[in-house]
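A.B. asks: mind folding the following:
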Amino acid sequence: MDAPAGRTQPGTRARYWHALEGGDIGQVQCDLCPRHCRPRPGQRGFCFVRQNVGGALELTTYGRSSGFAVDPMEKKPLYHVTPGATVFSFGTAGCNLACRFCQNWDISAAREMDRLMAFAGPAEIAAAAAGAGCRGVAYTYNDPVIFAEYAIDTAEACRALGLLNVAVTAGYVDGAGREDLFGAMDAANIDLKSFDPGFYRRLTGARLEVVLDTLRYVVLETPVWVEITTLLIPGLNDSDAELDALTGWVAGELGVAVPLHFTAFHPAHRLRDVPRTPLATLLRARRIAIGNGLRYVYTGNVADASSATTYCPGCGLGLVERDWFQVTRLALGTDGLCPGCGEAIPGLWA
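C.D. replies: Numbers count the residues shown, from 1 in each chain. Alright, predicted model coming up:
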């Protein structure tokens, strides 16, 4: 039968699973992400943090974090959400993708739960964020999809204190878990790692169409503010043809006002033999995106103030200037209106 709904406490059941009829005794199916893992008693799913314990699925990392930090909102990256504000960031361990180029591989690929030495419940995290003067909490480092119950409960505690909730995710989720997770969020940065199904299959172990469905759902069917990040890897996802297809899809399917971040790859995990992404590649991608009508296109992981600035699409005025993750000039008020021409700039500015 289905797992009971309601609040999940540490050491109790996950929410998104059901028992399998006619299978091995005690076997269950996880319903959180499209992998639909079917662990037998004692086994874990692909993400490694959801385990069948006595015929019930448990989230083994609930209440356990791989670390906490106070970050600029721009680091997520979210450029249209309270510029210059700080956000309280945390994650757990494990992931439901297997990206060969993962920049946080020591956390996402962790298989030793003993590394998770920080214990904190939802109310404690919300109180810590408020106490640190943060504007909100970011669910990041590894993907909040796999600790959805923990993230959702924490988001509820944060909203009670007037804090924003921000997800940094690859978007590999579906069904009720997708609705519940994004229903608890105010903003999200969602990775669109490539526009090539083969790239997703070979280099992430996932399916592109699931991520596209998530993007359509969150942008078009929820009030969540969404920005997209594409990590450009030399020779793998940076051709003119792919960039044209990706940015054309974003403009046509999601709208020209959705911000898109092109960020630079550095050698990591299993792609240490691939060179860093040059700034010229990011700027070329940005030109292609702007040519397809996108209004807010940024570069990241490089020092280039011009391509990190938010410009008014109406009059061209620089509204938010940035040096790496620091806001150096803010000419946009909390009303989101350009002081030069009155154009409404979309985002969460208050």
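A.B. asks: and the next helix or strand past the lengthiest strand in the chain?
C.D. replies: Longest strand in the chain by number of residues (criterion: DSSP state E): strand 225-232. Downstream of strand 225-232, the first helix or strand assigned by DSSP states H and E is helix 240-249.
A.B. asks: who are the packing partners of that next one?
C.D. replies: Secondary-structure packing of helix 240-249 (3 or more Cβ pairs under 8 Å, 6 or more residues apart in numbering; DSSP states H and E): helix 279-291. Placement of C-beta: from N, CA and C, glycine included.
A.B. asks: apply 10 Å and report the result again.
C.D. replies: strand 225-232, strand 260-264, helix 279-291 (3 or more Cβ pairs under 10 Å, 6 or more residues apart in numbering; DSSP states H and E).
A.B. asks: mean pLDDT, mean neighbour count and distance to Cys312 added to these, as TSV?
C.D. replies: TSV is the format used below for these (pLDDT from 0 to 100; neighbours: other Cβ atoms under 10 Å; distance: least, Cβ to Cβ, whole Å):
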stretch	mean pLDDT	mean neighbour count	distance to Cys312
strand 225-232	98	23	18
strand 260-264	97	23	17
helix 279-291	98	18	14
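A.B. asks: export the ones you listed as TSV, with columns for distance to Gln326.
C.D. replies: Below are the helices and strands packed on helix 240-249 laid out as TSV (distance: least, Cβ to Cβ, whole Å):
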stretch	distance to Gln326
strand 225-232	18
strand 260-264	16
helix 279-291	19
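A.B. asks: between these, which gets nearest to Ile345?
C.D. replies: Judged by Cβ to Cβ, the one of the helices and strands packed on helix 240-249 that comes nearest to Ile345 is strand 225-232, at 12.0 Å.
A.B. asks: which one of the helices and strands packed on helix 240-249 lies closest to Gln43?
C.D. replies: Nearest to Gln43, of all the helices and strands packed on helix 240-249, is strand 225-232, at 31.8 Å by Cβ to Cβ.
A.B. asks: what strands flank the closest one, and is each parallel or antiparallel?
C.D. replies: In the sheet, strand 225-232 lines up against strand 187-191 (parallel), strand 260-264 (parallel) (DSSP bridges).
A.B. asks: tell me which of the helices and strands packed on helix 240-249 approaches Ala241 most closely.
C.D. replies: helix 279-291 (9.8 Å).
A.B. asks: moving C-terminal of that closest one, what's the next helix or strand?
C.D. replies: strand 297-300.
A.B. asks: neighbouring contacts of the following helix or strand past that following strand?
C.D. replies: Counting by DSSP H and E, the next helix or strand C-terminal to strand 297-300 is strand 310-311. For strand 310-311, the surrounding residues in contact (Cβ atoms under 10 Å, 6 or more residues apart in numbering) are 79-80, 83, 259, 295-298, 317-322, 327, 330-332, 338, 345, 347.
A.B. asks: in TSV, list the strands paired with strand 225-232 along with distance to Ala241.
C.D. replies: As requested, the strands paired with strand 225-232 are arranged in TSV below (distance: least, Cβ to Cβ, whole Å):
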stretch	distance to Ala241
strand 187-191	20
strand 260-264	16
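A.B. asks: pretty sure Cys312 sits against Pro346.
C.D. replies: No - if you go by Cβ atoms under 10 Å, Cys312 and Pro346 don't touch, sitting 11.8 Å apart.
A.B. asks: just checking, Arg216 touches Glu253?
C.D. replies: Yes - using Cβ under 10 Å, Arg216 makes contact with Glu253 at a distance of 6.4 Å.
A.B. asks: anything in contact with each of Cys312 and Pro346?
C.D. replies: Counting by Cβ under 10 Å, 6+ apart, the shared contacts of Cys312 and Pro346 are Arg295.
A.B. asks: state the distance from Ala123 to Asp186.
C.D. replies: Counting by Cβ to Cβ, to the nearest Å, the separation of Ala123 from Asp186 is 19 Å.
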